[in-house]
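Student: Fold the following and give me the result.
(chains A and B)
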Protein chains: 2
Amino acid sequence: MLICMEATRVRAMLARAPGLTAEHVRALFALTGGEANLHDAADALRQVEMPAAARAFLNAPDPLLLRCDLHWIEASGAQLILCTDAAYPPLLAQTAGAPPVLFVLGCVEALHSPQLAMVGSRNPTPAGRKTARDFAVGLARAGLTITSGLAVGVDAASHEGALLVDGASTVAVCGTGLDAVYPSENRKLAARIRERGALVSEFPPRTGPSRRNFPRRNRIISGLSHGTLVVEAARRSGSLVTARLAVEQGREVFAIPGSIHSPLSRGCHKLIRDGATLVETAGDVLSELQIPLCGQWLTRPGAAGEGIPTLDKEYEMLLDAFGFEPATLDVLVARTGLPGESIASMLLILELEGCVAALPGGRYDRIPE
Amino acid sequence: MLICMEATRVRAMLARAPGLTAEHVRALFALTGGEANLHDAADALRQVEMPAAARAFLNAPDPLLLRCDLHWIEASGAQLILCTDAAYPPLLAQTAGAPPVLFVLGCVEALHSPQLAMVGSRNPTPAGRKTARDFAVGLARAGLTITSGLAVGVDAASHEGALLVDGASTVAVCGTGLDAVYPSENRKLAARIRERGALVSEFPPRTGPSRRNFPRRNRIISGLSHGTLVVEAARRSGSLVTARLAVEQGREVFAIPGSIHSPLSRGCHKLIRDGATLVETAGDVLSELQIPLCGQWLTRPGAAGEGIPTLDKEYEMLLDAFGFEPATLDVLVARTGLPGESIASMLLILELEGCVAALPGGRYDRIPE
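Tutor: So this is what the prediction gives:
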């Protein structure tokens, strides 16, 4: 029986009730008139439909279990956000099967900022890792909070990218209790995320890593977010689960293409074939999302005049030196009078900016704007 | 006035009438009762709507021009296929603005085989060139004729891939008259195509290369084909014109994705965003087309291990260190832990073996197998 519990204890108890969702809790509170009146809730517990295990637990919660939970909650400073709180993230609240309670370490406000989920392989290519970080930087600069799963690989690179941006925030959704960091190699990263954003879990303390909890974690990642961006993923990857959940939740899915020879692009290509939006830049994500953001918007390189860095004179001269045919370095040296080394490094920069393409046989060609 | 011309002369004349299409010719023949009766066609020419320049030319064709054309036709063995002939390619006949007459050198039968258009950059990356050839081999083996534009780069690699397959055929659609090969560096390739497939043009002999003729050529490439596959293309590329024409003609468009850092993938990514089917293998194209073919179907590469030469361990490690992006020597040293000198000499060997390409700025890239 539930008699005279103070608020945190009620929340800790609701968090432990197996299979209980936000919908069940809302139905329960509709009958009792709110969490404060759960002291005489025996009737309500009988009336509201919920999993038998949840009902059994709520009728007779394990007092030792709850005492340990409350002890950790007090010691860690964790906050418990109930699905009926104003502090509960609104986008997550709209999803089916949302957790009744969220454990949060860090800034609860981060959960109310506009979020984009970034997920991908735990073993990305070096380029994939950099792509994750670069996209996270661009999206965070635009004012998005980057939400991911604190895994190694793309998850960690995405969190790290967001942390590189002054004033930006990042949310890590964990598939374990927040009393331990999993995987442990991300302990330092977790500490930085707690300071600048939030660590979130629906799992009570002392919930260790378990294979079946990660898809549950994924539905929170996608549910918190306006969209999910998949960076690199194999054909059978957990990231594809997150993408599917995002679709079911009515959210956008974005995927970054790559070489057809890279096994880690297969998952993204599959998503694109299934309707995900192919994105080449953070700007592509932003223009598709169309949500008001307070950060600096990134423009697509080369799209409109604004935001395109103007090339300085020497670069313009080098581009002009191409005429309309591919040219070798020697030819460009002869035409511009610039030293070969300078031209080589300028060409590299122009190549990265998409103004020049390297061709076989040491030739280069200007790419028309 | 058109009096008593023999068939070839009529065709050569129709081919030269500016702006005349297959629709005009069909309307004309409906009134005259066929090409044989064009000798008293003054009335019909007045009644059928057609461009003024075409009407003027047909009323008073330049006899010297036609004599030269007929001379070349006889000397070269070119065939002139009229839009009302059974030999006229049926898929092309269904398209709006189809040419009234096709000049063909080689096997007219190739124009009746199921065709797939392959187009792309004239300056592809080394990997793109290989991808074009590999897809052409796979599609040709499956029984498709590869149709392209005889340009350097992706076009040439596609034709060459088809020619590698015993019994397969390839069609080159030219934007110039068939009396000269453009570009001239593809002269040998053109000769092989003529032997194994067909060279096709709507342009009479002595029509030199002209910028405005290439989009017209492109509509024939896409019009002959069940679908158009774009291999590598910059954001503003003629290949995108061909793809747009294919869509207008109600044909499939396929595009191969690539690194978001490659300017030559931008065009393909744009197409995919606009609805083209992303393909990773020749098999993807075939399963989307769903047309009955007589060739051997290819299985997805990587499905079976056969035929891939084994490198020794250190070389494999070095190739793996690339991921799927270009890398500098320093980066490769850091990733492999091998000494810089060893890597430099290994790169040279790999370059000679065609496994690695040297790029500007001291970078290298792995060429996919």
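Student: Quick check: residues of the stretch 1-150 of chain A near chain B?
Tutor: Residues of the stretch 1-150 of chain A found near chain B (C-beta under 8 Å from any C-beta of the partner chain) are A:125-128, A:131. Just so you know, the C-beta spots here come from the backbone N, C-alpha and C atoms, and that holds for glycine as well.
Student: actually the stretch 151-300 of chain A, sorry about that
Tutor: With C-beta under 8 Å from any C-beta as the criterion, the stretch 151-300 of chain A meets chain B at residues A:256-266, A:269, A:272-273, A:277-278, A:280-281.
Student: all strands for chain A, in order.
Tutor: For chain A, the strands defined by DSSP state E cover A:79-82, A:101-106, A:115-119, A:145-148, A:170-173, A:198-201, A:227-230, A:252-255, A:277-278, A:327-328, A:356-359, A:363-366.
Student: Out of those strands, flag the one nearest residue B:192.
Tutor: strand A:356-359 (24.4 Å; C-beta to C-beta).
Student: how about the closest one, does it get close to chain B?
Tutor: Yes. Counting by C-beta under 8 Å from any C-beta, contacts between strand A:356-359 and chain B involve A:357-359.
Student: quick revisit: including mean pLDDT and mean neighbour count, could the strands of chain A go into CSV?
Tutor: What follows is the strands of chain A, written out as CSV (pLDDT from 0 to 100; neighbours: other C-beta atoms under 10 Å in any protein chain shown):
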stretch, mean pLDDT, mean neighbour count
strand A:79-82, 97, 20
strand A:101-106, 98, 26
strand A:115-119, 98, 31
strand A:145-148, 98, 30
strand A:170-173, 98, 29
strand A:198-201, 98, 26
strand A:227-230, 98, 28
strand A:252-255, 98, 25
strand A:277-278, 98, 20
strand A:327-328, 85, 17
strand A:356-359, 80, 24
strand A:363-366, 82, 20
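Student: quick one, longest helix in chain A?
Tutor: The longest helix of chain A (DSSP state H) is helix A:126-141.
Student: my guess is residue A:336 contacts residue A:315, does it?
Tutor: No. Assessed by C-beta atoms under 8 Å, residue A:336 is found out of contact with residue A:315, at 10.4 Å.
Student: Helices of the stretch 251-369 of chain A, start to end?
Tutor: Listed in chain order, the helices found in the stretch 251-369 of chain A under DSSP state H, counting those that start in this stretch are A:263-273, A:282-289, A:313-320, A:329-336, A:340-352.
Student: Quick check: the gap between residue A:214 and residue A:149.
Tutor: In this structure, residue A:214 and residue A:149 are 8 Å apart, going by C-beta to C-beta, to the nearest Å.
Student: Need the overlap of contacts for the two.
Tutor: residue A:175 (C-beta atoms under 8 Å, 6 or more residues apart in numbering or on different chains).
Student: between these two, which one's more packed in?
Tutor: Just comparing residue A:214 and residue A:149: by other C-beta atoms under 10 Å in any protein chain shown the higher neighbour count belongs to residue A:149, 27 against 17.
Student: So for the more buried one, what's the pLDDT?
Tutor: Here the pLDDT value assigned to residue A:149 is 97.
Student: For burial, what's the neighbour tally of the nearest residue in space to it that is not next to it in sequence?
Tutor: Nearest residue to residue A:149, sequence neighbours excluded (C-beta to C-beta, 6 or more residues apart in numbering or on different chains): residue A:155, at 4.8 Å. Residue A:155 sits with 28 neighbouring residues when counted by other C-beta under 10 Å.
Student: got a list of what residue A:155 touches?
Tutor: A:118-120, A:122, A:148-149, A:172.
Student: nearest to chain B, of the residues you listed?
Tutor: Closest approach to chain B among the contacts of residue A:155 (C-beta to the nearest C-beta): residue A:120, at 13.7 Å.
Student: Would you enumerate the residues in contact with the closest one?
Tutor: Residue A:120 sits next to A:128, A:132, A:153-155, A:158, A:230-233, A:237, A:239 when contact means C-beta under 8 Å, 6+ apart.
Student: cutoff 10 Å now
Tutor: Going by C-beta atoms under 10 Å, 6 or more residues apart in numbering or on different chains, residue A:120 touches A:128-129, A:131-132, A:148-149, A:151, A:153-155, A:157-158, A:229-234, A:237-239, A:242, A:255-256, A:264, A:267-268.
Student: next one: residue A:320
Tutor: Going by C-beta under 10 Å, 6+ apart, residue A:320 touches A:335-336, A:366.
Student: Could you point out which of those is nearest to residue A:186?
Tutor: residue A:366 (44.3 Å).
Student: Isn't the closest one up against residue A:325?
Tutor: Yes. Between residue A:366 and residue A:325 there is a contact at 9.0 Å, judged by C-beta atoms under 10 Å.
Student: Kindly list the main-chain dihedrals of residue A:94?
Tutor: phi -80, psi -10 (degrees, to the nearest 10).
Student: joint contacts of residue A:336 and residue A:315?
Tutor: Common neighbours of residue A:336 and residue A:315 (C-beta under 10 Å, 6+ apart) are residue A:346.
Student: on that earlier part again, please identify the most buried of the helices of the stretch 251-369 of chain A.
Tutor: Here the criterion is mean neighbour count by mean count of other C-beta atoms under 10 Å in any protein chain shown, and of the helices of the stretch 251-369 of chain A the winner is helix A:263-273, at a mean of 24.
Student: name the helices or strands packed onto that one?
Tutor: Where contact means 3 or more C-beta pairs under 10 Å, 6 or more residues apart in numbering or on different chains; DSSP states H and E, helix A:263-273 is packed against helix A:126-141, strand A:227-230, helix A:238-248, strand A:252-255, strand A:277-278, helix B:263-273, strand B:277-278, helix B:282-289.
Student: From residue A:24, how far out is residue A:16?
Tutor: Applying C-beta to C-beta to residue A:16 and residue A:24 gives a distance of 14 Å.
Student: no wait, residue A:158
Tutor: From residue A:158 to residue A:24 the distance is 33 Å (C-beta to C-beta).
Student: Of those two, which one has the most company?
Tutor: Neighbours around residue A:158 and residue A:24, counted as other C-beta under 10 Å, are more numerous at residue A:158. The numbers are 34 against 22.
Student: Skip the chain neighbours and tell me the closest residue to residue A:172.
Tutor: Spatially, and ignoring its direct neighbours in sequence, residue A:172 is nearest to residue A:150 (4.0 Å; C-beta to C-beta, 6+ apart).
Student: which residues sit in contact with the nearest residue to residue A:288 once chain neighbours are set aside?
Tutor: Leaving aside its chain neighbours, residue A:288 sits nearest to residue A:277 (5.4 Å; criterion: C-beta to C-beta, 6+ apart). When contacts are counted by C-beta under 10 Å, 6+ apart, residue A:277 touches A:227, A:229, A:252-255, A:271, A:284-285, A:288-289, B:272-273.
Student: let's see 8 Å
Tutor: Applying C-beta under 8 Å, 6+ apart, we find residue A:277 in contact with A:252-255, A:284, A:288, B:273.
Student: same question, residue A:16
Tutor: Residues counted as contacts of residue A:16 (C-beta under 8 Å, 6+ apart) are A:57, A:61, A:65-66, A:69, A:204.
Student: just residue A:73 next, same as before
Tutor: By C-beta under 8 Å, 6+ apart, the contact set of residue A:73 is A:8, A:12, A:80, A:103, A:205.
Student: could you redo the last one with a cut-off of 7 Å?
Tutor: Residues in contact with residue A:73 (C-beta atoms under 7 Å, 6 or more residues apart in numbering or on different chains) are A:8, A:12, A:80.
Student: Just to check, the last one is in contact with residue A:99?
Tutor: Read that as residue A:80. No. If you go by C-beta atoms under 7 Å, residue A:80 and residue A:99 don't touch, sitting 10.9 Å apart.
Student: Check the contact lists of these two and give me the overlap.
Tutor: By C-beta under 7 Å, 6+ apart, no residue touches both residue A:80 and residue A:99.
Student: buried stuff in stretch A:54-70?
Tutor: Residues A:54-55, A:57-58, A:61, A:65-66, A:68-70 are the ones in stretch A:54-70 that count as buried (16 or more other C-beta atoms under 10 Å in any protein chain shown).
Student: This completes my enquiry, with thanks.
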